[in-house]
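Student: Return a 3D structure for these sequence lines:
(one chain, ligands or ions: 2)
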Amino acid sequence: MQLQQHLSLKPFHTFGMEVYARYFAGFHSIEELEALLSMDIASKRLILGGGSNLLFTHDYDGFVLKNELQGIEVVKEDAEFVYLRAGAGENWHKVVMHCVNNNWGGLENLSLIPGNVGASPMQNIGAYGVEIKDVMEQLEAYHIQDRKVVTFTNRDCAFGYRESVFKQGLKNQFVILNVTYKLRKDPVFHTSYGAINQELERMGVDSLSIRAISDAVIRIRSSKLPNPAEIGNAGSFFKNPQVSAAQFQELKLQFPSIAGYPLENGAMKIAAGWLIEHCGPSEGVSWKGYRKGDAGCHALQALVLVNYGHAQGMEIFRLSEAIVQSVKEKFGIELEREVNIV
Ligand code: FAD
Ligand code: EPU
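Tutor: Ligands and ions are numbered 1, 2, ... in the order given. I've put the predicted structure just below:
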């Protein structure tokens, strides 16, 4: 837990900007975390996981504490379920692969999402029809002010679409230490997300398995999402907006190809990627594939903003502002950022 000063954060986040932390240290145990939090410099702090959902718009004039808590272990097992606890600093995809290799069901649709275990409940990560809320049993988190470890059940986390209590009422109060997932020995397969079935067909799979779904998801993701090791990005930059069924019908009359999906509560979720693709910086030009300097909107997925090399965080942020404005002007919908702006 060596304290470092003026450290480049470039290796620690996926957008690829050269930004510096005033102070930086990693912690491998609760004792190390407590020691770091007791330092005066910790009054302005950022808990860092894999840095795959952050946009740094400037140097960080505070203390970055990198969660390095390791460990993957089965803590309970019964006839139906395996309860697997993983340290917050474990790589997410490694944990998913551990489950796939053991044939434990639940996380396979969430294959290849970048980042670490600790952030998975922060924003209730989701992909291809599954969210963490469907699989999480409980988590342990350290309350910074009271200096104690608190257990949160699934219900306590108040999960919503890319939301949890840790982004709302309890924001910046806890450090997530570990998460326990409830995995099925006899898996239930989730293939309702259209692209999965198409991919399974392309792969020639006729008997479903946890591994086949994981492989299909990996193939779909690799075909359209930019690899942060090659092009800086933080995944979807915005959330998919929700509108009432009536508002969606009005939009559909005006824009017949608009992409939307019904939700359980009767509202409609609109594909933000579609909205962004169907407007742009000027008449007849789409944001999709747009590039100004090294800041751009990905050519295969308009919801992903990218850094082609040397874009500054503020350039990406300004691009996001221009996109929000043009979507609002054309469709009357205000996009909400999904990425954490620092
Ligand atoms: P970080 O970026 O390090 O942190 C994110 C936030 O959580 C920050 O506010 C941080 O302070 C806080 N935080 C992190 N760890 C802790 C902790 N232990 N305790 C308290 N606070 C903490 N997300 C999806 O949901 N679905 C996807 O399909 C998806 N696809 C992506 C594809 C690409 C190519 C990329 C780059 C990103 C994608 N994401 C996706 C977003 C991202 O992978 C997830 O949000 C991931 O969970 C972030 O994990 P992280 O460890 O990198 O978090
Ligand atoms: N679409 C377009 N143009 C685009 C992109 C998308 O028209 O450029 C439309 C298409 O109709 C497409 C639909 O949007 O069928 C859905 O696209 P996709 O399957 O790629 O999913 P998404 O809604 O854009 C969401 C998540 C992703 C997650 C995928 C798969 C959000 C904000 N994003 O994207 O999560 O991987 O579904 O489940 O909910 C992330 O959070 O970082 C992320 C990548």
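Student: So which bits of the stretch 1-150 of the chain are right by ligand 2?
Tutor: By the rule Cβ under 6 Å from any ligand atom, the part of the stretch 1-150 of the chain lying against ligand 2 is 127, 128. Yep, even glycine has a C-beta here, placed from its N, CA and C like the rest.
Student: How about the contacts made by residue 327?
Tutor: Residues in contact with residue 327 (Cβ atoms under 8 Å, 6 or more residues apart in numbering) are 272, 275, 276, 279, 333, 334, 335.
Student: Of these, just the buried ones, PyMOL syntax please.
Tutor: In PyMOL, this line selects whichever of the contacts of residue 327 come out buried by 16 or more other Cβ atoms under 10 Å:
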select buried, resi 272+275+276+279+333+335
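Student: Turn the contacts of residue 327 into a markdown table, including distance to ligand 2.
Tutor: Shown next, in a markdown table, are the contacts of residue 327 (distance: Cβ to the nearest ligand atom, whole Å):
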| residue | distance to ligand 2 |
| --- | --- |
| 272 | 6 |
| 275 | 8 |
| 276 | 7 |
| 279 | 12 |
| 333 | 14 |
| 334 | 15 |
| 335 | 10 |
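Student: Among the contacts of residue 327, which lie within helices?
Tutor: Among the contacts of residue 327, the members falling in helices (DSSP state H) are 272, 275, 276.
Student: Next up, the contacts around the first one.
Tutor: Going back to what we said before, that points to residue 272. With contacts defined as Cβ under 8 Å, 6+ apart, residue 272 is in contact with 236, 238, 239, 240, 241, 303, 327, 335.
Student: give me that answer again for 10 Å
Tutor: 236-241, 259, 302-303, 323, 327, 333, 335-336, 338 (Cβ atoms under 10 Å, 6 or more residues apart in numbering).
Student: What of the last one?
Tutor: Contacts here follow Cβ under 10 Å, 6+ apart; on that basis residue 276 touches 237-238, 286-288, 290, 297, 301-305, 323-324, 326-327, 335.
Student: Show the buried residues in the contacts of residue 272.
Tutor: Among the contacts of residue 272, those classed as buried by 16+ other Cβ under 10 Å are 236-241, 302-303, 323, 327, 333, 335, 338.
Student: The stretch 201-342 of the chain: strands as residue ranges?
Tutor: According to DSSP state E, counting those that start in this stretch, the stretch 201-342 of the chain carries its strands in the segments 232-236, 242-243, 260-262, 268-270, 291-292, 295-297, 304-307, 340-341.
Student: weakest of these by average pLDDT?
Tutor: Set side by side, those give their lowest mean pLDDT on strand 260-262, at a mean of 91.
Student: can you tell me which of the buried ones among the contacts of residue 272 are up against ligand 1?
Tutor: Counting by Cβ under 6 Å from any ligand atom, no member of the buried ones among the contacts of residue 272 is near ligand 1.
Student: Counting only helices, which of those make the cut?
Tutor: Residues of the buried ones among the contacts of residue 272 located in helices (DSSP H): 323, 327.
Student: Let's have the buried ones among the contacts of residue 272 in TSV, adding distance to residue 146.
Tutor: Below are the buried ones among the contacts of residue 272 laid out as TSV (distance: Cβ to Cβ, whole Å):
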residue	distance to residue 146
236	34
237	35
238	35
239	32
240	36
241	37
302	44
303	39
323	41
327	42
333	41
335	37
338	30
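Student: what about the residue in the chain sticking out farthest from the centre, distance to residue 247?
Tutor: For the chain, the largest distance from the centre (Cα atoms, centre = their mean) belongs to residue 253, which lies 32.9 Å off. In this view, residue 253 and residue 247 are 11 Å apart by Cβ to Cβ, to the nearest Å.
Student: Do you know the pLDDT at residue 193?
Tutor: 85.
Student: same question, residue 264
Tutor: The per-residue pLDDT reported for residue 264 equals 85.
Student: how about residue 74, phi and psi?
Tutor: Per-residue torsions, residue 74: phi -80, psi 120 (degrees, to the nearest 10).
Student: mind listing what it touches?
Tutor: With the criterion set at Cβ under 10 Å, 6+ apart, residue 74 makes contact with 82, 83, 84, 85, 102, 104, 180, 183.
Student: Can you name the residue of the stretch 201-342 of the chain nearest ligand 1?
Tutor: Nearest residue of the stretch 201-342 of the chain to ligand 1, counting by Cβ to the nearest ligand atom: residue 235, 2.5 Å away.
Student: Those residues of the stretch 151-300 of the chain touching ligand 2, which are they?
Tutor: Where proximity means Cβ under 6 Å from any ligand atom, the interface of the stretch 151-300 of the chain facing ligand 2 comprises 195, 235, 236, 239, 240, 259, 271, 273, 274, 277, 288.
Student: Of those, just say which sits nearest to residue 108.
Tutor: Set against residue 108, the nearest of those by Cβ to Cβ is residue 195 (14.6 Å).
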